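Chemist: how would this look folded up:
(2 chains, ligands or ions: 3)
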Amino acid sequence: MMRLQDILSPFYVWKRAFEKPFSIAVLSAPRPGSPTYRGFHQNDIDKCIGCGTCAEICQNVSIDMVPVKEAQDGDSGLRPRIDYGRCCWCALCVDICPTGSLTMSNAYTWVEEGLDRDVRETYCYTPGADPQPWDDEALGYRKPEGYELLHLERVPMPHLAPGERLNSFVEMVKGYSHELAVQEADRCIQCGICTATCPAHMNIPAYIKAIREDKIAEGLKILYETNPLPGVCGRICTRRCEDVCALSHRGEAISIRWLKRYLTDCASAEDYKALLESEIKPLDRKIAIIGAGPGGLSAAYYLAGMGYAVEIFEQNAAAGGMLRYGIPEYRLPYTKLDQDVAQIAALGVKFNYNACIGRDLSFDDLYNRFDAVFVSVGMFEPYRIGIPGDDNAKVISGLQLLSDVTNGVPVDLGRRVVVVGGGNVAMDAARTAKRLGCEVTVLYRRREVDMPADVEEIEEAREESVNFIFQAIPLEIKTADDGSLSFDWGKAEMVQQKPGERPQPILIEGSRENIAADTIIAAIGQGVNYLWMDGEASAKIELKKFRVQADRWGRTADTKIFIGGDMFNPTADAITAIADGHRSARAIDKMLNPPREN
Amino acid sequence: MQELLDNLKELYALNGITLRNPSLAWAEVTPERLVGLLTQLRDAHGFTHLVLMTCVDWLEDGRFQVTYLLHNYTTRQDLGLHVYVGRTASELPSIHTLWEQGRVYQQELHEMFGIYFPGSPGLGEPMILESWDGPPPMRRDFDTRVYSEETYSHRQRTHHEPEQHMKDRLYPED
Ligand SMILES: Cc1cc2nc3c(=O)[nH]c(=O)nc-3n(C[C@H](O)[C@H](O)[C@H](O)COP(=O)(O)OP(=O)(O)OC[C@H]3O[C@@H](n4cnc5c(N)ncnc54)[C@H](O)[C@@H]3O)c2cc1C
Ligand code: SF4
Ligand code: SF4
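Modeler: Residues are numbered from 1 along each chain as shown, chains lettered A, B, ... in the order given. Ligands and ions are numbered 1, 2, ... in the order given. Coordinates of the predicted model:
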């Protein structure tokens, strides 16, 4: 029997149709999230560097780093892709992001048409790369001002005060204590963005971690895997790694160089000895290396470690190349260089000093006696200023001054010294002259911002009261009546000659200034010396624009001859020479492919 | 409150009495004396309200710490009681006869930590973990990650480590 209720019930329902519904119309009339609501992510992908720190901190493993752009220095090209099936909207990823690129919009609704797909294929996107309706939403969660999970400021490095530095060549940077080093190491987020930029691809995050965990011996071992001159590099490396440090985007880069220095300074003699303990199986192959600079030393270390009999031929009386005869002692104490060299010698590398190839020995001789030759003779032929009067005996090169000081040759520069140039050699020469008691003025053709010298070095030179004259073009050097030098120079203006190119200094018509000097130091660059290329063997080597041609492994047109270091790479710094040496060592090993029992 | 606790101390073997401030105190009691103490506090000393029950897993010490927080509306004072119980075969007396809502807290502690409260109504029914087959998830030895990996199906990860990815792209041969 049908009850009355059954007949009426549809009308009860219809009656409800005119009442205010209890449910909310989320899709047709969305309610906006509050202004700081933590909704779907936004990422400024041009600002993001793909460091993966967001993925690392996410407790729900919601973030995958996926390729979006080409990898390049300082940017992995990866971008975070977020799985909202896992995300709990905690915003830790936003708070930790070192570039500040990652934020959250206040959007929280996701409409998915149809359910014919596997649910795991949706509800997931790469913010900034996969377009979303909330990409330009201005509201949402941003890391609050003043709230900071990262330590953006460096632990300062203790220095000698400028006054204390001026009368001595004592090392000016004092080094981190254990406590300071651990504190600095603790700032590192271990993203590894820097590794690609280091020419030697040193495993930076790994050794910083070793410092943090106070595992010094292990840290030292990591350094030697890619760099057999870590004590040196811990002091004078051009540290391009620091330029790309993720922390440098909103704060100060990790002091990578000083941390490396800390490792080598506090490693004990036993730690160094322990590195030599793994057994080397000698191979019946001999390698000659010309030049005991960082390039030659590095190749020697890795080849000797593989079992080759290695002999170095060096024209000077000691090893190090420009590290010893260029870089002044207050930046790199000789004892530190000696320690690194001794470690290389301990592998059985034979050093022949006072052996100049092309003078004392012929290249052919080496070529015939050895299975391969690695050449890293550097660039030590100073360029002349190229103006009338630059052949005056009181015009010397920066390298001359620096090597004389290294060799203990007495130097007399007089009172007033003018240094011409804006690179590291100019800074080293100027500050060395300062330490010898001179008044020093640096003359540079371009502006301060154009100086190739390290910013820190310029700053320190200023602290030591070195004067600078910028946009100054040398014109002529004359001898004054009192026998001193009269140096004419002219003011330059910076002219953008072609769009996109760096502006060139052009002499202002008629400008002529004068500065008096007792010594003028030219530090405007060096060229390669080809004395070593004598005889027949080197005839096959190809030269182009005065440079020996080789591929990235240092392989020249002659299969037995390899090159590296300043004479080869365009960056001309110690770490690139070290990387070249290591790379050529592997190429030599590959070429000779000696029989080995496993 | 000090006076009250001093008075009860001997009878209920109270331990670790701490006065945080004039209106908040903590004390420790054994499971055996718990119900007696709560009854007296409720009926004789004005602590008529059970604010909450909660638990901390002291995994390293091998025990749970169950907390009962009481409130006195007249004096506006809070009194927290800690009871310790071993992590294996954990069992505590039920207090649902003193406060009916105790049943709900006990159901939750049973579900999340695996503590048994004999006689507590509906103790074994799931509160939020319908058809759960894992161990009580708030126990600290429960590995959320492992459980979720074994139990649920996952979206395939496509993660690349930045350092390795840069090596693959920029200097694969070095
Ligand atoms: C003043 C100065 C400061 C510098 N500061 C820094 C710095 O702070 N950080 C940094 O990273 N880099 C610095 N550099 C650059 C760095 O020193 C060089 O890039 C690096 O030493 C290059 O190594 P190399 O092996 O190519 O050559 P070199 O170091 O020049 O070594 C070449 C060696 O070959 C020997 N040799 C040459 N010809 C022959 C031959 N015919 N027979 C036998 N031996 C021969 C030379 O005597 C020398 O020992 C500086 C350089 C100078 C000059
Ligand atoms: S933490 Fe920031 S910069 Fe790094 S990958 Fe994530 S979004 Fe990009
Ligand atoms: S909001 Fe939290 S859970 Fe979501 S992706 Fe960011 S860190 Fe992971």
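Chemist: could you find the closest non-adjacent residue to residue 162?
Modeler: Picked chain A for this. Nearest residue to A:P162 in three dimensions, chain neighbours excluded: A:E463, at 4.2 Å (Cβ to Cβ, 6 or more residues apart in numbering or on different chains). (Each C-beta comes from the backbone N, C-alpha and C, glycine too.)
Chemist: I was thinking of chain B, sorry if that wasn't clear
Modeler: For B:P162, the closest residue by Cβ to Cβ, 6+ apart turns out to be A:S76, at 3.9 Å.
Chemist: and if you look at A:F351?
Modeler: That would be A:I312: by Cβ to Cβ, 6+ apart, it lies 5.1 Å from A:F351.
Chemist: near the one you found, how many other residues are there?
Modeler: Taking other Cβ atoms under 10 Å in any protein chain shown as the neighbour definition, A:I312 ends up with a count of 25.
Chemist: do the same with A:A319
Modeler: Residues lying near A:A319 (other Cβ under 10 Å) number 26.
Chemist: quick check: it touching A:S298?
Modeler: No - the pair A:A319 and A:S298 does not pass the contact test of Cβ atoms under 8 Å, sitting 11.8 Å apart.
Chemist: looking at it, B:P136 is touching B:Y116, isn't it?
Modeler: No - between B:P136 and B:Y116 no contact is recorded; they are 11.1 Å apart, counting by Cβ under 8 Å.
Chemist: which neighbours do the two share?
Modeler: Among the neighbours of B:P136, those also in contact with B:Y116 (Cβ atoms under 8 Å, 6 or more residues apart in numbering or on different chains) are B:H110.
Chemist: in chain B, what helix or strand scores lowest on average pLDDT?
Modeler: Least confident helix or strand, chain B: helix B:144-151 with a mean of 88, by mean pLDDT, DSSP states H and E.
Chemist: what about dumping the CA coordinates of the following helix or strand past it to CSV?
Modeler: The helix or strand immediately downstream of helix B:144-151 is helix B:162-170, counting by DSSP states H and E. Only the C-alpha atoms of helix B:162-170 are listed here, as CSV (Å, rounded to 0.1, in the frame of the first residue of the first chain):
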residue,chain,number,x,y,z
PRO,B,162,71.3,18.9,-9.0
GLU,B,163,75.0,18.1,-8.5
GLN,B,164,74.9,14.8,-10.5
HIS,B,165,72.6,16.2,-13.1
MET,B,166,75.0,19.1,-13.8
LYS,B,167,77.8,16.6,-14.1
ASP,B,168,75.8,14.6,-16.6
ARG,B,169,75.0,17.6,-18.6
LEU,B,170,78.1,19.8,-18.4
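Chemist: run through who's touching helix B:162-170.
Modeler: A:50-52, A:65, A:67, A:70-72, A:76-78, A:191-193, A:195-196, A:201, A:205, B:174.
Chemist: from these, list just the buried residues.
Modeler: For the contacts of helix B:162-170, a neighbour count by 16 or more other Cβ atoms under 10 Å in any protein chain shown gives the buried set as A:50-52, A:65, A:67, A:71, A:76-78, A:191-193, A:195-196, A:201, A:205, B:174.
Chemist: and the pLDDT for A:V173?
Modeler: With respect to pLDDT, A:V173 has a value of 87.
Chemist: and it, how many residues sit next to it?
Modeler: Using other Cβ under 10 Å, the number of residues around A:V173 comes to 17.
Chemist: ok, it touching A:S255?
Modeler: No - distance between A:V173 and A:S255: 10.6 Å, which falls outside the contact criterion (Cβ under 8 Å).
Chemist: mutual contacts of these two, please.
Modeler: Taking Cβ under 8 Å, 6+ apart as the criterion, A:V173 and A:S255 both touch A:M157.
Chemist: please report how far the closest residue to ligand 2 within chain B lies from A:E70.
Modeler: Proximity to ligand 2, evaluated over chain B using Cβ to the nearest ligand atom, is greatest for B:P162 at 7.7 Å. Here the criterion is Cβ to Cβ, to the nearest Å. By it, B:P162 lies 14 Å from A:E70.
Chemist: next one: A:A29
Modeler: Relative to A:E70, A:A29 is positioned 43 Å away (criterion: Cβ to Cβ).
Chemist: go on, A:E457?
Modeler: Counting by Cβ to Cβ, the gap from A:E457 to A:E70 is 33 Å.
Chemist: likewise for A:G321?
Modeler: From A:G321 over to A:E70 the distance is 36 Å, taken as Cβ to Cβ.
Chemist: how about the residues of the stretch 51-200 of chain A near ligand 3?
Modeler: Contacts of the stretch 51-200 of chain A with ligand 3, taken as Cβ under 6 Å from any ligand atom, map to A:C58, A:N60, A:S62, A:I63, A:I82, A:C87, A:C88, A:W89, A:C90, A:A91, A:L92, A:C93.
Chemist: and the least confident of those residues?
Modeler: Sorting these by confidence puts A:N60 at the bottom, with a pLDDT of 90.
Chemist: my guess is that one meets A:W89, correct?
Modeler: No - judged on Cβ under 8 Å, A:N60 makes no contact with A:W89 at a distance of 9.9 Å.
Chemist: residue of chain B nearest ligand 1, please.
Modeler: Of chain B, the residue with the smallest distance to ligand 1, taken as Cβ to the nearest ligand atom, is B:D174 at 18.6 Å.
Chemist: with the stretch 451-598 of chain A instead?
Modeler: Here the residue of the stretch 451-598 of chain A nearest ligand 1 is A:G565; by Cβ to the nearest ligand atom that distance is 2.1 Å.
Chemist: leaving out chain neighbours, which residue sits closest to that residue?
Modeler: Once flanking residues are discounted, A:G565 sits nearest to A:G295: 3.0 Å by Cβ to Cβ, 6+ apart.
Chemist: B:G119 now?
Modeler: In space, B:G119 comes closest to B:S94 once its chain neighbours are excluded; the distance is 4.8 Å by Cβ to Cβ, 6+ apart.
Chemist: repeat for A:L475
Modeler: Leaving aside its sequence neighbours, A:L475 is closest to A:D488 (4.3 Å, by Cβ to Cβ, 6+ apart).
Chemist: rounded mean pLDDT for the helix or strand harbouring the one you found, please.
Modeler: Assigned by DSSP H and E, A:D488 belongs to strand A:485-495. The predicted model gives strand A:485-495 an average pLDDT of 95.
Chemist: restrict the residues of the stretch 51-200 of chain A next to ligand 3 to contacts with chain B.
Modeler: Near chain B, taking Cβ under 8 Å from any Cβ of the partner chain as the test, the members of these found are A:I63.
Chemist: helix, strand, or coil at the spatially most central residue of chain B?
Modeler: When Cα atoms, centre = their mean is applied to chain B, the residue found nearest the centroid is B:C55 (1.2 Å). Secondary structure state of B:C55, per DSSP: H, G, I helix; E, B strand; the rest coil, is strand.
Chemist: do I have it right that it meets B:T67?
Modeler: Yes - using Cβ under 8 Å, B:C55 and B:T67 qualify as a contacting pair, with a distance of 7.1 Å.
Chemist: where does pLDDT dip in the chain?
Modeler: Using chain A. Using pLDDT under 70 as the threshold, the predicted model of chain A has low-confidence ranges A:1-18, A:21-24, A:26-27, A:115, A:598.
Chemist: quick check: residues of it near ligand 3?
Modeler: Neighbours of ligand 3 within chain A, by Cβ under 6 Å from any ligand atom: A:C58, A:N60, A:S62, A:I63, A:I82, A:C87, A:C88, A:W89, A:C90, A:A91, A:L92, A:C93.
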